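*Asks:* Make a model of this:
(4 chains)
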4 protein chains.
Amino acid sequence: MDAIDKLTEIFKDFPGIGERQAKRFVYFLISKNGSYADNLAKLVLDLKKEIAQCESCFHFFVIRNAKSKVCEICSNPHADSSMLMVVEKDSDLESMKNSRIYQGKYFILGGLVPIVEKTTKKRIRIEELKQKIKNSKDEIKEIILAFSLSPQGDHTDSYVRDELKEVAKDIKISSLGRGLSTGTELEYSDNETLKNALNNRH
Amino acid sequence: MDAIDKLTEIFKDFPGIGERQAKRFVYFLISKNGSYADNLAKLVLDLKKEIAQCESCFHFFVIRNAKSKVCEICSNPHADSSMLMVVEKDSDLESMKNSRIYQGKYFILGGLVPIVEKTTKKRIRIEELKQKIKNSKDEIKEIILAFSLSPQGDHTDSYVRDELKEVAKDIKISSLGRGLSTGTELEYSDNETLKNALNNRH
Amino acid sequence: MDAIDKLTEIFKDFPGIGERQAKRFVYFLISKNGSYADNLAKLVLDLKKEIAQCESCFHFFVIRNAKSKVCEICSNPHADSSMLMVVEKDSDLESMKNSRIYQGKYFILGGLVPIVEKTTKKRIRIEELKQKIKNSKDEIKEIILAFSLSPQGDHTDSYVRDELKEVAKDIKISSLGRGLSTGTELEYSDNETLKNALNNRH
Amino acid sequence: MDAIDKLTEIFKDFPGIGERQAKRFVYFLISKNGSYADNLAKLVLDLKKEIAQCESCFHFFVIRNAKSKVCEICSNPHADSSMLMVVEKDSDLESMKNSRIYQGKYFILGGLVPIVEKTTKKRIRIEELKQKIKNSKDEIKEIILAFSLSPQGDHTDSYVRDELKEVAKDIKISSLGRGLSTGTELEYSDNETLKNALNNRH
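*Replies:* Now for the predicted structure:
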């Protein structure tokens, strides 16, 4: 395998990229001048140097202070420590953060729980979540389970609620509301969505 | 214009059909034997004979009893007369009915209210809705405004609430719940949906 | 089944239409006034009365003269009788006719020959084609096989060439040219297209 | 801008990649371990070191012999030097090469000629092409112009033919054949394709 083939293989791993587009990426890089490739390589290497995983919420964050081991949200004195939102992954946190509607803290679970799964604990950070809750018991007043609305998201919601029963027994555990979302047309809605919309009418 | 062209023009009016598909429909009919066309023509004519518009909720319904002027829901003694769901159109009612989660009555408004619109009253059945509410004041306990989640749906919700203020002043008026709908992924959600999901958490 | 269900079933047969859209068609018809349905029914019935299948080329055509049993192309004295283009279906003829690049006659084969098929003769008009060629032997100088470029189209081309060997032995048999078609990008072309484009370079 | 934002900007430049997917690429890289990023960075840097632009045909090629300044096709003694195919870009050459139907040499023009364009010469390698033809006049018997079938491709074909008139006056200049390409259905073909298919029938 030559450099073109090897790099094509790497790009094929990228989310949503097939062989043809991977190869176009390589030719795109070839067509650019040397400083472009240098810059890309440098930024890829910098990424690992400049990014750390928060010890408190497991969010990847840009290191701004070499001594800091927690992310900008966990270390933000203005964030609302009484609320902890548990999300599946970094991009869910980003999406919620960008909407500017939530001012509390987060915890990245690191995945959803497959419906048939025996080795769950090894794959999601349920023990780390329990530990975090134990450590901040006096602060946290509400834990919001914020998973995508899918069978796996639902299953994860139940699993986490069950696991937290003991450790979070004096804390309110809530889940995101359900119903019509932007663009939902009644005519084309599934029964589940209609049921949630009707039950949660206000 | 010959028969092919004229029929193509008609099919072009059908929802979602362009000229090319309209023409394919015509050739499809030509390719079928005579009894197929006879049957289609007969059913199209029957439709008008067998369908009536309910005098009470304005839903189109299949006439089963020549004397009946109201649809099978309005005349159903087991339907819950204390709830009235106001929807935009027949297919919204069908969708809700098929989900079997709602047992109340309906009212077909006949359209949404465009955000900039002066002649609204002529186009939607707001006067008919007021009249219906006046007539069944003692029965109705809740009016559910069930419009699609779009700027126009929201605008219609406000408009109808405003118009009903007087006539429905002792009746609860609710709107469908909002939040995550089936398949919603947090990562790709718009701010409005995230906000509704957070506000309506349970 | 009521009228709505029956008509939905009919529309589901239309090319490219599923259950949901079929039902939307029915509600669309219901929402229109009575004269719209009358007009549609009338045109559907007229279609069969106004359309005949040409006895010479098997094209469906609009009857303009009650005595005529052949279509406007077969009866056109200005059409070039020395060329006979064999196509699969009416819409292929329409497409070719609308392009105004061919002035000869046509023959509608009525289908393609599936690659594995034993009862072919019953389904396509190969005997009728042979008969037509026999009848106009002195006129026809070239038979153009004009099938879509697909394995089945290729198979039909071979099959027809083989069947016509005897009856058209003094007539040139040609097939449509192959190569780049409008919009073809070399980068994304399949080998077959590249091969045809290279072999047929000019 | 932090490392995440900067790298997102770079990935946004990649062909076919928008902001959202660019960001997903960055998070994908973050989620991988350090050696993955090291490998990617290394391969990107290697690419420039291992790839050279052929001095003869301007194709980018993997350097296998440090002294070689021409690509593996230009230096292949078995390639047919009597044919020169002029293509727009590297990926067109790759596509043709992978089809294994052409054994001649290539020349990468470096672009197409926009229909309205004054500074064309600066952007495509027309002078380099003329020079190459002058240098190999005794060898080349046919120049094949192989551009995508689009108005710009056609324009480039005419432009190059015109420019080569003088220098290639004893050499045959051909263009790729046109007609039906794989998957073309007559019913949906544009007039231009039908015309080419009819004119190039065989």
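*Asks:* Backbone dihedrals for A:Gln53, please?
*Replies:* Recorded main-chain torsions at A:Gln53 are phi -100, psi 130, according to degrees, to the nearest 10.
*Asks:* quick one, what contacts it?
*Replies:* Taking CB atoms under 8 Å, 6 or more residues apart in numbering or on different chains as the contact definition, A:Gln53 lies against A:59-61. All C-beta spots, glycine's among them, are computed from the backbone N, C-alpha and C.
*Asks:* Do a quick rundown of the helices in chain A.
*Replies:* A:3-13, A:19-31, A:34-50, A:90-99, A:120-123, A:126-135, A:151-164, A:191-199 (DSSP state H).
*Asks:* okay, the angle between the strand ranked longest in chain A and helix A:126-135?
*Replies:* For chain A, the strand with the greatest residue count under DSSP state E is strand A:80-87. On the basis of axes from the mean of the first three to the mean of the last three CA atoms, to 10 degrees, strand A:80-87 is oriented at 170 degrees to helix A:126-135.
*Asks:* Strand A:80-87 to helix B:191-199, inter-axis angle?
*Replies:* Using the same axes, to 10 degrees: strand A:80-87 against helix B:191-199 is 110 degrees.
*Asks:* Where does pLDDT dip in chain A?
*Replies:* A:117-122 (pLDDT under 70).
*Asks:* mind listing what the residue nearest the centre of chain A touches?
*Replies:* In chain A, the residue lying closest to the centroid (CA atoms, centre = their mean) is A:Lys89, at 1.5 Å. Applying CB under 8 Å, 6+ apart, we find A:Lys89 in contact with A:108-111, B:187.
*Asks:* on that earlier part again, quickly compare the helices of chain A and say which is most buried.
*Replies:* helix A:191-199 (a mean of 21; mean count of other CB atoms under 10 Å in any protein chain shown).
*Asks:* Is chain C within reach of it?
*Replies:* No: using CB under 8 Å from any CB of the partner chain, helix A:191-199 stays clear of chain C, coming no nearer than 14.9 Å.
*Asks:* Could I get the helices of chain A in CSV, plus columns for distance to C:Asn200?
*Replies:* As requested, the helices of chain A are arranged in CSV below (distance: least, CB to CB, whole Å):
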stretch, distance to C:Asn200
helix A:3-13, 32
helix A:19-31, 26
helix A:34-50, 40
helix A:90-99, 50
helix A:120-123, 57
helix A:126-135, 65
helix A:151-164, 53
helix A:191-199, 55
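*Asks:* So what's the residue count around the closest residue to A:Val160 other than its chain neighbours?
*Replies:* Nearest non-adjacent residue to A:Val160, counting by CB to CB, 6 or more residues apart in numbering or on different chains: A:Leu145, 5.8 Å away. A:Leu145 is flanked by 22 other residues according to other CB atoms under 10 Å in any protein chain shown.
*Asks:* Would you confirm that A:Leu145 contacts A:Ile171?
*Replies:* No: with contact defined as CB atoms under 8 Å, A:Leu145 does not count as touching A:Ile171 (11.9 Å).
*Asks:* Surely A:Arg123 touches A:Gly110?
*Replies:* Yes: the pair A:Arg123 / A:Gly110 is scored as a contact, 7.2 Å apart, by CB under 8 Å.
*Asks:* just checking, what packs against the longest strand of chain A?
*Replies:* Applying 3 or more CB pairs under 8 Å, 6 or more residues apart in numbering or on different chains; DSSP states H and E, one finds that strand A:80-87 contacts helix A:90-99, strand A:104-108, helix A:126-135, strand A:142-146.
*Asks:* Same list (these) but as TSV, adding distance to A:Lys165.
*Replies:* Output for those, formatted as TSV (distance: least, CB to CB, whole Å):
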stretch	distance to A:Lys165
helix A:90-99	24
strand A:104-108	17
helix A:126-135	11
strand A:142-146	12
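*Asks:* ok so, going back, beta partners of the residue nearest to A:Val160?
*Replies:* A:Val86, A:Ser175 (DSSP bridges).
*Asks:* Please give me every residue in contact with it.
*Replies:* Here A:Leu145 is in contact with A:86, A:156-157, A:160-161, A:173-176 (CB under 8 Å, 6+ apart).
*Asks:* Closest one of these to A:Leu149?
*Replies:* A:Leu176 (8.1 Å; CB to CB).
*Asks:* gap between the closest one and chain D?
*Replies:* 21 Å (CB to the nearest CB, to the nearest Å).
*Asks:* Please name the nearest non-neighbouring residue to that residue.
*Replies:* Closest to A:Leu176 by CB to CB, 6+ apart is B:Ala197, at 3.9 Å.
*Asks:* Just confirm that neighbour contacts B:Gly179, I think it does.
*Replies:* Yes: with contact defined as CB under 8 Å, B:Ala197 reaches B:Gly179; the gap is 4.1 Å.
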